[in-house]
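**Q** Please work out how this folds:
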Amino acid sequence: MVHLQVYNPLVLGLRGKGKTYGIIPILIDYATKNPRQRITIVAESIPAVKDGAVKIFKDIMFETNRWIENHWIGNPMEYTFANGTIIQFKSFDSVGKAKASGKRDVLFLNEANHISFEIADALMIRSKQTWIDFNPDNEFWAHTEVMPEHNAEFLLLTYKDNEAIPPETLEDLQIKIEKAKTSDYWKNWCRVYVDGEIGSLQGTVFENWTQCDEIPKDAEFICYGLDFGFTNDPTAFGSVYRYNGELWFDELIYQTKLTNSDIIAKLQELGVQRNQMIVADSAEPKSIEDLRRAGFRVEGAKKGADSIRNSIDTLQAFKLNVTKSSINLIKELRNYKWVTDKDGKPTSQPIDNYNHAIDGMLRYPALNRLKKSTFFIQ
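**A** All right, here's what the predicted structure looks like:
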């Protein structure tokens with residue numbers, strides 16, 4: 001049996017993890033009632049597993065008073081229940097490794113639209129039961145290869161199924177629904193993220209990027225990038241490097257409700273050196289001054305006419321490498337699109353959304369520290 005659940009990030013109002021909160025309790029319940037079973041939860045990368053499924057699993061286990069510390073092994077990431085059933089958390093970067101992982105009783109493919117069909121198929125064929133969730137921004141192998149099967153069961157949930165949706169989430173949702181009345185982009189966005197239907201969110205701004213395990217040891221540090229946020233928008237901070245003519249990015253902070261003193265404390269915890277340049281949002285001069293008085297070297301991004309487009313043009317001249325641990329930057333890169341005109345054609349203007357890490361870590365450093373074919377350091 002294969003169970004498919006469309007991922008709607010507003011179903012439970014839990015910062016984009018609603019579908020995982022829906023499936024993991026089912027797997028925990030299954031684990032407690034069925035002894036000596038093997039349950040495998042898979043995401044596209046180890047950081048994605050840790051930031052998503054592992055964190056949610058631990059939260060639920062703690063909240064239900066089921067967590068026993070010595071039943072957990074951090075490496076490999078496995079939890080063994082009293083009845084001998086094991087829930088393990090994994091990621092596979094090759095078909096060979098997927099095949100070598102052996103058989104299991106239950107498989108959960110988390111955000112399966114980011115897992116290749118070859119790897120997913122190698123895992124599913126070795127599993128008695130499979131759960132799949134995904135984001136329906138485009139048709140992918142779940143629609144063409146899995147849904148037509150006679151033993152596939154499909155479940156669609158939307159925000160209307162959630163009676164406890166947070167008011168701030170509902171308010172944001174209503175704003176986007178209103179925008180959809182006059183915007184093809186937001187109309188399609190609502191089709192995907194509100195109604196849970198297959199959409200066609202085409203036209204990403206950056207297509208010249210790939211994931212990497214880590215920053216190369218010999219990479220040259222260029223600067224840090226910082227975008228300030230607070231209530232709804234996160235503060236985004238990360239590092240920028242050059243290696244072999246390519247750019248390399250590592251997300252270090254992505255969090256809401258950080259005061260300037262909180263940011264300063266986090267920069268100190270991260271070991272940011274006082275002589276290392278931080279390029280920050282120039283619209284926040286008071287925040288920049290607070291960081292300077294704390295001893296950090298900070299300059300405002302050199303914004304101006306067409307600065308958004310110019311910084312994008314600069315970045316598109318390079319291959320961009322993003323560490324797999326940069327979960328939020330990866331999400332933004334996948335969703336940062338061109339605004340479309342009334343005929344549905346992309347314009348030269350990007351949407352004003354999914355851009356906090358992109359602004360802080362990519363665009364601001366590009367405005368101040370990069371040129372299309374050369375680098376300069378002041």
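
**Q** mind showing which ranges of the stretch 251-378 of the chain have poor pLDDT?
**A** Within the stretch 251-378 of the chain, the stretches with pLDDT under 70 are 342-344, 371-378.

**Q** And the strands in it?
**A** Ranges of strands within the stretch 251-378 of the chain are 277-280, 297-300, 320-323, 338-340, 346-350, based on DSSP state E, counting those that start in this stretch.

**Q** how about those in JSON lines, adding distance to residue 242 and mean neighbour count?
**A** Yep, even glycine has a C-beta here, placed from its N, CA and C like the rest. Written out in JSON lines, the entries for these read as follows (distance: least, Cβ to Cβ, whole Å; neighbours: other Cβ atoms under 10 Å):
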{"stretch": "strand 277-280", "distance to residue 242": "14", "mean neighbour count": "24"}
{"stretch": "strand 297-300", "distance to residue 242": "19", "mean neighbour count": "17"}
{"stretch": "strand 320-323", "distance to residue 242": "10", "mean neighbour count": "22"}
{"stretch": "strand 338-340", "distance to residue 242": "27", "mean neighbour count": "18"}
{"stretch": "strand 346-350", "distance to residue 242": "24", "mean neighbour count": "15"}
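
**Q** Which residue ranges of the protein form helices?
**A** Along the chain, counting by DSSP state H, helices occupy 18-33, 46-49, 55-63, 95-100, 117-124, 141, 167-179, 184-193, 260-269, 285-293, 307-315, 327-335, 356-357, 364-369.

**Q** List the buried residues of the third one.
**A** To tie it back to what came earlier, the one meant is helix 55-63. Across helix 55-63, burial judged by 16 or more other Cβ atoms under 10 Å covers 56-57, 60-61.

**Q** Dump those into TSV; add pLDDT and distance to residue 47 as well.
**A** Listed next are those as TSV, based on pLDDT from 0 to 100; distance: Cβ to Cβ, whole Å:
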residue	pLDDT	distance to residue 47
56	93	15
57	96	16
60	94	20
61	96	21
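
**Q** which of the residues you listed lies closest to residue 215?
**A** Nearest to residue 215 among the buried residues of helix 55-63, counting by Cβ to Cβ, is residue 56 at 27.9 Å.

**Q** so the closest one touches residue 24, yeah?
**A** Yes. Counting by Cβ atoms under 8 Å, residue 56 touches residue 24, with 5.5 Å between them.

**Q** So for residue 221, which of the helices of the chain sits nearest?
**A** If you check each of these against residue 221 by Cβ to Cβ, helix 364-369 wins as the nearest, at 10.7 Å.

**Q** Outside of that closest one itself, list whatever touches it.
**A** 222-227, 240, 277, 279-281, 299, 301-303, 307, 310-312, 314-315, 375-378 (Cβ atoms under 8 Å, 6 or more residues apart in numbering).

**Q** and stretch 112-129, how far apart are its ends?
**A** 15 Å (Cα to Cα, to the nearest Å).
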